[in-house]
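**Q** Need a 3D model of the sequence below.
(one chain, ligands or ions: 1)
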Amino acid sequence: MQKKQELYSGKAKSVFATDDNDYVVLSFRDDTSAFDGEKVEQLSRKGEVNNKFNAFIMQYLSDNGIPTHFEKLLNDTESLVKNMQMMPVECVVRNVASGSLVRRLGVEDGMELTPPVFEFFLKNDALHDPMINEYHIETFGWAKSEDINKMKELTFKVNELLKTLFVDAGMILVDYKLEFGLFNGQVYLGDEFSPDGCRLWDAETRKKLDKDRFRQGLGGVIEAYIEVAQRIGVDI
Ligand code: CDP
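**A** Numbering: from 1, shown residues only. Prediction:
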């Protein structure tokens, strides 16, 4: 498998072509951003930590019946994934109220959500990722009705699998964001799962172990990511 030209560069990852059109290389950089790219810093080792963390989670999800784009780890900061056509929507599940939900609805931070809340957002930094629903997605052609249902179904299945994984390691999965794509017409989980795209709290102390440490300037960002990784058994 030969790595070729860069196809796309996002806020934290870059995508490179390979000599096989069905596969691309995901390259995890140390760049860390928040607030739609307004706050950006380089955090040493973040690319490596997130690449290995993501590989572990994607493998665990695949092993438990979730179709994912992940093929294999290539090196410390790169993974080989399926070359998908991404759907420009973000699927968020919340088990505990925090972040934008608290700001939007004025509910108490830390409130347990039963049943969990599901939200769609449009992936568009210029518009600040507005919240959308199934009607917007179908009407504006961002995904087909059957694929919308599949994304929801898979996002909830992921919730059950990951809640268990993190609870067993002494953490609460507060919320997380997933992105999906199409490969040969089928829906697969894409993008990444790492502490950059979820909220994880220590179950005892409720200490934040995710990107809120960066957003809120709490320090110890990478140390927290490494702690989470080690607790679930990532080789780092
Ligand atoms: O993070 P913020 O408070 O702005 O938004 P949120 O709607 O509370 O985010 C819910 C979850 O999705 C959090 O775990 C975020 O880290 C994640 N998220 C993300 O990874 N990327 C986005 N563009 C928006 C949210």
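**Q** Please tell me how far the longest helix anywhere in the chain is from the chain's geometric centre.
**A** Of all segments of type helix in the chain, defined using DSSP state H, the longest is helix 145-167. How far helix 145-167 lies from its chain's middle: 12 Å, per C-alpha atoms, centre = their mean, to the nearest Å.
**Q** before we move on, what about stretch 196-208?
**A** For stretch 196-208 - counting by C-alpha atoms, centre = their mean - the centre lies 15 Å from the chain centre.
**Q** before we move on, what about stretch 5-22?
**A** With C-alpha atoms, centre = their mean, you get 18 Å for stretch 5-22.
**Q** and if you look at stretch 17-34?
**A** 14 Å.
**Q** For that stretch, which residues meet the burial criterion?
**A** In terms of neighbour count (16 or more other C-beta atoms under 10 Å), stretch 17-34 has its buried residues at 17-18, 23-34. Every C-beta, even on glycine, is put in place using the N, C-alpha and C of the backbone.
**Q** OK, contacts around the closest residue to the ligand within the chain?
**A** Proximity of the chain to the ligand (C-beta to the nearest ligand atom) peaks at Gly99, 2.3 Å away. For Gly99, the contacting residues are Asp175, Arg199, Asp212, by C-beta atoms under 8 Å, 6 or more residues apart in numbering.
**Q** So the second one sits against Ser98, correct?
**A** Yes - counting by C-beta atoms under 8 Å, Ser98 is a contact partner of Arg199 at 5.6 Å.
**Q** Need the residues touching each of these two.
**A** By C-beta under 8 Å, 6+ apart, the residues touching both Arg199 and Ser98 are Val174, Asp175, Asp212.
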